[in-house]
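S.K.: Let's see this in three dimensions:
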Amino acid sequence: MIMKKLFSILFMTTFLFTACSSDGERGPQGPPGQDGLDPASATIFEVNSDFFYDAEANLWTTDFLTFADFTDVEVLETDVVLIYRLDAVGQLDDGSDVDEWSMLPQNFFTDEGTIQYVFNHTFVDTEIFIDGNYDLSGLSDDFTTGQIFRVAIIPANFYESANFDSSNFGSLMKALELKEQDIKKAGSLK
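M.R.: Numbers count the residues shown, from 1 in each chain. This next block holds a predicted model:
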C-alpha cells in the first residue's frame, strides 16, 4: 500500500515537472514602458470657463464639458479624471513665466466664509462647481470669470501603477511623458 502511494506521488511529480517545463513558442513581447502600461492613452485638455450662478442650489457651475468635444481618446468608466485650476503665473529666476496649477478640490477662505472648487464626472463628461458655506450670489468675478482649468483623463491601471504626485501638475506631465504643446487648448466656454 505504501509502495502504491509512493509510486503515485512520484508519477504525479514527474508529470507536473514535464508539463510545466515544455518548450513552446514564445508569445509576442508586451508594449514597452512602465510594467507594459502605456501613458499614450492618457490625455489632457485646457478650457477657459466662466461660471453661472444657480440660485436654487446656491452654487456656481460651468456647462458640462463633454470629453468627446476635446479629445478623440476613448474614455472608459474606470479612467481617472483629475482637474487642475490655474492659480497664477509666476516667474522663474531667469525671468520667464511659469504657470502655477492647483488640483481640485481647492478651498478659499473669504471674509464671508469658505468656498471650494469641486467637480463631478462620468466617463462622458465633467462639470465644475464653486460651492460654499454662505450665500454665493455675490461671489467676486475673480472666482467666477475667465477661470482656466486642465482636465486630465488617465487610464486607471497607469494611475495606480505609476510613481508620481497627482497633486503636482508637473509630476503628472512628466509621468505621462507630455510636453506643454501636447495639451489640447479649447476656447472660452460659458
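S.K.: from here on, contacts and neighbour counts on C-alpha atoms
M.R.: OK.
S.K.: what ranges do the helices span in the protein?
M.R.: Using DSSP state H, the helices found in the chain span residues 2-20, 141-144, 156-161, 169-175.
S.K.: What residues of the third one count as buried?
M.R.: Residues of helix 156-161 classed as buried by neighbour count (16 or more other C-alpha atoms under 10 Å): A156, F158, Y159.
S.K.: what's the model's confidence in that helix, averaged?
M.R.: Mean per-residue pLDDT for helix 156-161: 86.
S.K.: T61: what's it in contact with?
M.R.: Shown in contact with T61 (C-alpha atoms under 8 Å, 6 or more residues apart in numbering): F51, F52, Y53, D54, E127, I128, F129, I130.
S.K.: If we use 10 Å, what do you get?
M.R.: T61 is in contact with 49-54, 117-119, 127-131, 144, 190, counting by C-alpha atoms under 10 Å, 6 or more residues apart in numbering.
S.K.: Going through the residues you listed, which ones are buried?
M.R.: Buried among the contacts of T61 by 16+ other C-alpha under 10 Å: 49-53, 117-119, 128-131, 144.
S.K.: Which ones among the residues you listed map onto strands?
M.R.: Within the buried ones among the contacts of T61, residues falling in strands by DSSP state E are S49, F52, Y53, Y117, V118, F119, I128, F129, I130, D131.
S.K.: Quickly list what the third one is bridged to.
M.R.: Partner residues in beta bridges with Y53: W60, with DSSP bridges as the criterion.
S.K.: Also the first one?
M.R.: When bridges are assigned using DSSP bridges, the partners listed for S49 are Q147, L189.
S.K.: for K185, same thing?
M.R.: E46.
S.K.: That one reaches R150, doesn't it?
M.R.: Yes: assessed by C-alpha atoms under 10 Å, K185 is found in contact with R150 at 8.9 Å.
S.K.: neighbour count winner among the two?
M.R.: R150 (22 against 15; other C-alpha atoms under 10 Å).
S.K.: Per-residue pLDDT of the closest residue in space to the more buried one that isn't next to it in sequence, please?
M.R.: Spatial nearest neighbour of R150, excluding adjacent residues (C-alpha to C-alpha, 6 or more residues apart in numbering): E46 at 4.3 Å. With respect to pLDDT, E46 scores 95.
S.K.: next one: Q29
M.R.: On the pLDDT scale, Q29 is placed at 63.
S.K.: The one 4 residues further on now?
M.R.: The predicted local confidence for G33 comes out at a pLDDT of 47.
S.K.: how many neighbours does I154 have?
M.R.: I154, neighbours per other C-alpha under 10 Å, totals 24.
S.K.: I'd like the distance between the closest residue to it other than its chain neighbours and L82.
M.R.: Excluding the flanking residues, the one nearest I154 by C-alpha to C-alpha, 6+ apart is A42, at 4.6 Å. Computed as C-alpha to C-alpha, to the nearest Å, the A42 to L82 distance reads 11 Å.
S.K.: Many thanks, I have nothing further to ask.
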